[in-house]
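# Pasting the sequence and the predicted model now:
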Amino acid sequence: MRTLVLTLILIVFSVISLFVGVADITLTDILQWDAEKMSLITISRIPRTVALILAGVGMSISGVIMQQMTQNKFVAPTTAGTLEAAKMGLLIFLIFIPTAGSALKMLSAFLFTFAASLIFLSIVRKIRYRNVVFVPLVGLMFGGIIGSISTFFAVRLNIMQDTNAWMMGDFSGILQGRYELIYLSLPAIAITYIYANKFTVIGMGEDFSKNLGLNYRAIMNIGLFCVSLTVSAVVITAGAIPFLGLIVPNVVSLIFGDNLKKTLPLVALSGANFLLVCDIVGRIVIYPYEIPIGVMVSIIGAVIFLVLILRKR
Amino acid sequence: MKGIKKSFLITIMLLLAAAVLFLFYKMGNNWEFALRLRGIKVATILVVSCCVAYSSVAFQTLTNNRILTPSIMGFESVYLLLQTVIVFIYGDQTFRVLSSLDNFLLSVLVMIGFAFLLYLLIYKRGKDNLYLLLLVGIILGTLFNSLSSFMQLLIDPNDYFIVQGKMFASFNKINRDLLWPSAIVLVLILIAGFRMTKYLDVLSLGRDQAINLGVNYNRVVQLFLVMIAILVSVSTALVGPITFLGLLVTNLTYELFKTHKHEVIIAACCLVTAVTLLAGQFVMERVLNLSTPVSAIINLVGGVYFMYLLLRVRKL
């Protein structure tokens, strides 16, 4: 039922997203099959909408997996150095093999996010007192350190403003032929859904899951793989979208509880809806220009996150 | 105690050597000019070192943690946002409209204002969890950072270099007018601070022990937080952000001086920081002739060292 409602909302927003933009496209254009406007739709509007949905689904699901793996509500790609690691992977490839295609860039980003997540998990395991707030704090520091290493190289090569521009989450540059890598997040999303029950168990701790006969290591690795794949695919196509993986799962779990098999579709749909709304608003506010979605999401996301942590005692 | 004295002696010698080398190496013909210029740099480095050392040591004791540093609490993001806004509005006229002294005072005020708002936000709600305070600070910092990076996208690439210059601490653009006010603030804070080091010794035992020993915990912590805010603001506004310097030097100091007496550690940390900065600046400027700002290097070295620490220790 809830899934149905959220799906309907998603369809409505997707349609709106198809029709919002500088070029004025109306329903009659589609009915009359106006060739010029149709090509605009297939080249720009549809890819953009699809990318938005996939990014929204992917980032919020990655957040859920990371929260289960670390047993901490406040861990997500933003607060675990994952985004910074993807950025570093991109940057290093751009420095050493500037002509490489985006598939190779993505591979490099993937490897870096994977390694960073491994390191972060091993750090979390060492944390003595299980203060909820302390883990994301360490994660943010960790991200800052990775960031400072990439900044060093960016400054040396005088490409600070460019790196800044690449990393700013923005869907305005998405065109047919330039966004297809984001489809790589689909298998990761599917795997997450299949393993949803196991991720729920993982969230109860290592001992508990081993006790239930779960192959803890293997599930953790699968989780890491899914997160790294999704995050690197999204970062390559659209740039960093902060806070999404943090706030969507938290708000959903506040309302609907923690049974992943039930809530995972809700998280996915809410993530996509949230991202679509942010993008549509960003396209309208300073029309005909656009506010990059990274800015929109981080403003809204930061505020929601602050409310979440301050509400908890 | 003997080991500590020896370490002190060595550090002081190193500091003197670094200072002499920095001041007198390859003076050229116009030695008077060179000496004045370098003298200002050395003085600035000393001021910044003391600010960073005191604030980092005190902060780590308050949070009972050696892997945190006060500058991540959002100060630098506030500073950068302010600088970005200024350049965004005035473009290349920035230097004409706003003198560096005005900019300095404005930055200090805005950063301290931010810190007070943050403290109020947490303490008014009766939440005295320092980690929460930090996390809220960092999140606000992230928010400010994305606002700044959005504005930086809109700035003309030529003007962007003004902002980029502000992103990294540099000792090359020091203004003498700023040195005096900073030094005065520093001395006042340090006088107050050194009288309070005994509290730090007690606080390092942990919150419960401190309360048990009769310390008015919340009050003392708030006092320290205010001093930390002022010191971090002054050093950031004076030279720019060096995020991980505090992290690097405090841990180095604890490794070199194996003690937990704050009187010793803070004094030692000031020296270690000064040596680090002087040596770093000297190597960058004269030996390698690199134009990369010294803070980028320090953040790199500090970052790598910190990773090593994180992975080496068994428990955090």
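Nice, I can see it.

# Spell out which parts of the stretch 51-200 of chain A neighbour chain B.
Neighbours of chain B within the stretch 51-200 of chain A, by C-beta under 8 Å from any C-beta of the partner chain: A:74, A:78, A:119, A:122-123, A:126-128, A:131, A:133-134, A:136-138, A:140-142, A:144-146, A:148-149, A:151-152, A:155-156, A:160-161, A:164-165, A:167-168. (Each C-beta comes from the backbone N, C-alpha and C, glycine too.)

# Show me the residue at the heart of chain A, geometrically.
Geometric centre of chain A, nearest residue: A:Met59, 2.4 Å, by C-alpha atoms, centre = their mean.

# Tell me the confidence at that residue?
Looking at A:Met59, its pLDDT is 93.

# How about the secondary structure of it?
helix (DSSP: H, G, I helix; E, B strand; the rest coil).

# if we can go back for a sec, which among the residues of the stretch 51-200 of chain A next to chain B end up buried?
In these, burial by neighbour count holds for A:74, A:78, A:119, A:123, A:133-134, A:136-138, A:140-142, A:144-146, A:148-149, A:151-152, A:155, A:160-161, A:164-165, A:167-168, counting by 16 or more other C-beta atoms under 10 Å in any protein chain shown.

# from the residues you listed, which ones fall inside helices?
Those of those mapping onto helices are A:119, A:123, A:134, A:136-138, A:140-142, A:144-146, A:148-149, A:151-152, A:155, A:160-161, A:164-165, A:167, per DSSP state H.

# biggest helix in chain B by residues?
Under DSSP H, chain B gives helix B:31-62 as its longest helix.

# Show me what that one is packed up against.
helix B:2-24, helix B:176-195, helix B:197-203, helix B:217-239, helix B:245-256, helix B:262-282 (3 or more C-beta pairs under 8 Å, 6 or more residues apart in numbering or on different chains; DSSP states H and E).

# quick one: buried residues of that helix?
In helix B:31-62, counting by 16+ other C-beta under 10 Å, buried: B:34, B:38, B:40-62.

# Thought A:Ile236 was touching A:Ser102, still the case?
Yes - with contact defined as C-beta atoms under 8 Å, A:Ser102 reaches A:Ile236; the gap is 5.9 Å.

# helices or strands next to the lowest-mean-pLDDT helix or strand in chain B in the packing?
Lowest on mean pLDDT, DSSP states H and E among the helices and strands of chain B sits helix B:94-97, with a mean of 76. On a contact count with 3+ C-beta pairs under 8 Å, 6+ apart, helix B:94-97 meets helix B:75-90.

# quick check, the helix it packs on touching chain A?
No - figure legend: helix B:75-90 not in contact with chain A (C-beta under 8 Å from any C-beta); closest approach 10.1 Å.

# Restrict that helix to CA atoms and write it as CSV.
Output of helix B:75-90 as CSV, limited to C-alpha atoms (Å, rounded to 0.1, in the frame of the first residue of the first chain):
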residue,chain,number,x,y,z
PHE,B,75,35.6,27.5,12.0
GLU,B,76,37.5,27.1,8.7
SER,B,77,34.3,26.6,6.8
VAL,B,78,32.9,29.8,8.2
TYR,B,79,36.1,31.6,7.3
LEU,B,80,36.1,30.3,3.8
LEU,B,81,32.4,31.0,3.3
LEU,B,82,33.0,34.6,4.5
GLN,B,83,36.0,35.0,2.1
THR,B,84,34.0,33.5,-0.7
VAL,B,85,31.1,35.8,-0.1
ILE,B,86,33.4,38.8,0.0
VAL,B,87,35.1,37.9,-3.3
PHE,B,88,31.7,37.0,-4.8
ILE,B,89,30.4,40.5,-4.0
TYR,B,90,33.4,42.6,-4.7
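
# the more surrounded of A:Ser102 and A:Ile236?
When A:Ser102 and A:Ile236 are compared for neighbours, A:Ile236 comes out ahead with 24 against 16, by other C-beta atoms under 10 Å in any protein chain shown.

# What about the residue lying closest to the more buried one once chain neighbours are set aside, how many residues nearby?
Nearest residue to A:Ile236, sequence neighbours excluded (C-beta to C-beta, 6 or more residues apart in numbering or on different chains): A:Met106, at 4.7 Å. When neighbours are counted by other C-beta under 10 Å, A:Met106 registers 24.

# And the one 4 residues further on, by the same measure?
When neighbours are counted by other C-beta under 10 Å, A:Phe110 registers 23.

# any idea of the angle the helix or strand hosting A:Ile53 forms with helix A:134-156?
Using DSSP states H and E, A:Ile53 maps to helix A:46-70. Calculated by axes from the mean of the first three to the mean of the last three C-alpha atoms, to 10 degrees, helix A:46-70 forms an angle of 130 degrees with helix A:134-156.

# residues of helix A:46-70 that come out buried?
Neighbour counts over helix A:46-70 (16+ other C-beta under 10 Å) mark A:46-70 as buried.

# now swap in stretch B:186-194 and tell me
By neighbour count with 16+ other C-beta under 10 Å, stretch B:186-194 contains the buried residues B:186, B:189-190, B:193.

# What lies in contact with it?
The contact list for stretch B:186-194 (C-beta atoms under 8 Å, 6 or more residues apart in numbering or on different chains) reads B:47, B:50-51, B:54, B:58, B:227, B:230-231, B:234, B:263, B:266.

# Apply 10 Å and report the result again.
If you take C-beta atoms under 10 Å, 6 or more residues apart in numbering or on different chains as the criterion, stretch B:186-194 is touched by B:46-48, B:50-51, B:53-55, B:57-58, B:200, B:223-224, B:226-228, B:230-231, B:234-235, B:238, B:262-263, B:266-267, B:270.

# Likewise for stretch A:15-26?
In contact with stretch A:15-26 (C-beta under 10 Å, 6+ apart) are residues A:27, A:29-30, A:32, A:34, A:36-38, A:40-41, A:44-46, A:48-50, A:52-53, A:171-172, A:275-277, A:279-284, A:287-290.

# Narrow those to those in helices?
Of these, the ones assigned to helices by DSSP H are A:27, A:29-30, A:36-38, A:40, A:46, A:48-50, A:52-53, A:275-277, A:279-284.

# Quick check on these: which are buried?
Using 16+ other C-beta under 10 Å, the buried members of the ones in helices among the contacts of stretch A:15-26 are A:29, A:37, A:40, A:46, A:48-50, A:52-53, A:275-277, A:279-280, A:282-283.

# Next to chain A, which bits of the stretch 201-316 of chain B? Give me the list.
Neighbours of chain A within the stretch 201-316 of chain B, by C-beta under 10 Å from any C-beta of the partner chain: B:243-244, B:247, B:290-293, B:295-307, B:310-311, B:313-316.

# Are any of those buried, and if so which?
Neighbour counting by 16+ other C-beta under 10 Å classes B:243-244, B:247, B:292-293, B:295-303, B:305-307, B:310, B:316 among these as buried.

# now, which of the buried ones among the ones in helices among the contacts of stretch A:15-26 sits nearest B:Met151?
Comparing these against B:Met151 with C-beta to C-beta places A:Gly282 closest, at 15.3 Å.

# Contact partners for the closest one?
A:20, A:170-172, A:289-297.

# run the last query once more with 6 Å
A:290-291, A:293, A:296 (C-beta atoms under 6 Å, 6 or more residues apart in numbering or on different chains).

# Many thanks, have a good one.
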